[in-house]
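Asks: Structure of the sequence below:
(one chain, ligands or ions: 1)
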Amino acid sequence: MAAAKIAILGAGLAGISAARALIARGHAVTIFDKGRGPGGRLATRRMEAAGRKLQFDHGAQYLRAEGAGFAAALVEAKAAPWPDATRRVGMPSMSAVPRALLGEIPCVASRHVGQITGRAGAWVLRHWDARLVRPGKPLPDVAPEEAGPFDAVLLTMPATQARDVLGQQAPSLAEALGAIRYAPCWTVMAAFDVPLALPETLRPEAHAIGWAARDSAKPGRNAGQENWVIQAGPAWTRAHLELPAEAIAQPLLAALATFSTTPLPAPFMVVAHRWRYSLLEAPLGEPCLWDATARIGYASDGCIGGRAEAAWDSGVALAARVLA
Ligand SMILES: Cc1cc2nc3c(=O)[nH]c(=O)nc-3n(C[C@H](O)[C@H](O)[C@H](O)COP(=O)(O)OP(=O)(O)OC[C@H]3O[C@@H](n4cnc5c(N)ncnc54)[C@H](O)[C@@H]3O)c2cc1C
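Replies: Down below sits the predicted model:
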């Protein structure tokens, strides 16, 4: 195959692994992402409160590699074991993993790709300043920028978002994406002045909380801080999905307090983040989708597994289909 110009939408693990495989075979790849940096759901939130610099891994909590490909990627990204030898985290933050794996691959950040126009083999992307785009609302009423033409376009965002971008292009691919379903997840980030009387991680069953962890205890973080990430379970999240973020922290902190042997102190900083797409509930059931006529493909954790490794493997699988 002659060197092709390929656009990848999404700089999460699926987009990055696809890009690396295609570049290794001589193709010219540009990634577009609506986020300020790469990583997608491998995310770290940084903020300042009470004169202190704080950080929280508020998306994926730890990474597990079962296959050799992802294991090698985690070694390359210098991920460190936590909370045990079988699981790893980015150093000094989870977002360091995608940043290291992206390397020098061209990535256009803070741009929301809203439409794919043109024709097979000559696709043009229309993209907007991501700050102007509101989830579930029409695209902004300002002229987009255009990029292209591209020989192929690969979409690597959660399936619902990918369908919005696809529009009428590749209709059978868009239809197949309808099978993928994700659970939402309310996540609270809280910083305390004193250590909580709690174990480093909690994963209760049938509880408002699905997972909670002392984020500042991960390797490479500021161990003098007491920063917690509290993730609600899917049932609790669904029941409270449309509440404003300000209404989320108090009930989840109260739920966390039930595990503490002493009353929970008030945090000096607390903020909630709503993930509309977190862990997978219904996968596609195949490693990726590739419409060879339209030259449009899809990869993500939604294809096979709902974990970071599945996203990585899906991107690799899609690159192989493009190259075949
Ligand atoms: C709260 C939470 C906890 C999790 N815990 C774990 C865990 O402990 N272990 C684990 O292995 N996995 C965990 N996961 C899942 C893991 O994060 C994902 O499986 C993996 O990161 C998915 O990678 P991806 O590349 O498929 O998608 P994403 O990481 O979602 O990447 C998609 C990218 O597309 C971009 N994008 C979307 N729409 C557009 C658009 N229109 N234009 C431009 N860019 C766009 C997004 O900004 C994003 O960067 C968790 C996820 C969440 C949310």
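Asks: quick one: the helices in this structure?
Replies: 13-24, 68-76, 96-102, 159-166, 171-177, 234-239, 249-257, 301-304, 308-323 (DSSP state H).
Asks: in the first one, what counts as buried?
Replies: Of the residues in helix 13-24, 13-23 count as buried by neighbour count, 16 or more other C-beta atoms under 10 Å. All C-beta atoms are positioned from the backbone trio N, CA, C, and that covers glycine.
Asks: so which of those also contact the ligand?
Replies: 13-15 (C-beta under 6 Å from any ligand atom).
Asks: Could I get the helices of the chain in CSV, plus columns for mean pLDDT and distance to C288?
Replies: Shown next, in CSV, are the helices of the chain (pLDDT from 0 to 100; distance: least, C-beta to C-beta, whole Å):
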stretch, mean pLDDT, distance to C288
helix 13-24, 98, 9
helix 68-76, 98, 14
helix 96-102, 98, 18
helix 159-166, 95, 12
helix 171-177, 94, 10
helix 234-239, 98, 25
helix 249-257, 97, 36
helix 301-304, 96, 5
helix 308-323, 98, 4
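Asks: residues touching the residue lying closest to L102 once chain neighbours are set aside, list them.
Replies: Of all residues not flanking L102 in the chain, P38 sits nearest, at 4.7 Å (C-beta to C-beta, 6 or more residues apart in numbering). Counting by C-beta atoms under 8 Å, 6 or more residues apart in numbering, P38 touches 11-12, 16, 31, 95, 98-99, 102, 107, 109.
Asks: The ligand: which of the residues you listed is nearest?
Replies: G12 (2.3 Å; C-beta to the nearest ligand atom).
Asks: Model confidence for P135, exactly?
Replies: P135 is assigned 85 on the pLDDT scale.
Asks: residues near it, how many?
Replies: Other residues near P135 come to 9 when the count uses other C-beta atoms under 10 Å.
Asks: pretty sure it contacts R276?
Replies: Yes. Assessed by C-beta atoms under 8 Å, P135 is found in contact with R276 at 7.2 Å.
Asks: Check the helices of the chain for me and report the most buried one.
Replies: Mean neighbour count (mean count of other C-beta atoms under 10 Å) peaks for helix 301-304 among the helices of the chain, with a mean of 27.
Asks: Could you check how far A170 is from R295?
Replies: Separation of A170 from R295 (C-beta to C-beta, to the nearest Å): 9 Å.
Asks: what residues are up against H112?
Replies: Neighbour list for H112: 34, 127-130, 132-133 [criterion: C-beta under 8 Å, 6+ apart].
Asks: Of the buried residues of helix 13-24, just say which sits nearest to R52.
Replies: Distance to R52, by C-beta to C-beta, is smallest for L13 among the buried residues of helix 13-24, at 30.3 Å.
Asks: Just give the nearest non-adjacent residue to the closest one, would you?
Replies: Nearest residue to L13, sequence neighbours excluded (C-beta to C-beta, 6+ apart): A311, at 4.2 Å.
Asks: repeat for A191
Replies: Using C-beta to C-beta, 6+ apart, the closest residue to A191 is M269 (4.3 Å).
Asks: and that neighbour, what is it in contact with?
Replies: Contact analysis of M269 by C-beta under 8 Å, 6+ apart lists 47, 49-50, 54, 189-191.
Asks: Who is the residue nearest to A176 when sequence neighbours are not counted paired with across the strands?
Replies: Leaving aside its sequence neighbours, A176 sits nearest to L289 (C-beta to C-beta, 6+ apart; 5.7 Å). The residues listed as beta-bridge partners of L289 by DSSP bridges are Y298.
Asks: give the contact list for L289.
Replies: Taking C-beta under 8 Å, 6+ apart as the contact definition, L289 lies against 173, 176-177, 297-299, 303, 318.
Asks: Looking at these, spot the one nearest the ligand.
Replies: Using C-beta to the nearest ligand atom, A299 comes nearest to the ligand of the contacts of L289, at 7.2 Å.
Asks: before we move on, back to that, between A170 and R295, point out the one with more neighbours.
Replies: Ranked by neighbour count (other C-beta under 10 Å), A170 and R295 place A170 first, with 24 against 21.
Asks: Can you pull the poorly scored residue ranges out of the stretch 1-150 of the chain?
Replies: The stretch 1-150 of the chain contains residues with pLDDT under 70 at 1.
Asks: Show me which residues of it are close to the ligand?
Replies: So the stretch 1-150 of the chain meets the ligand at 9-15, 32-35, 40-42, 59-63, 112-113 (C-beta under 6 Å from any ligand atom).
Asks: returning to that earlier point: now restrict the contacts of H112 to buried residues only.
Replies: In the contacts of H112, burial by neighbour count holds for 34, 127-128, 130, 133, counting by 16+ other C-beta under 10 Å.
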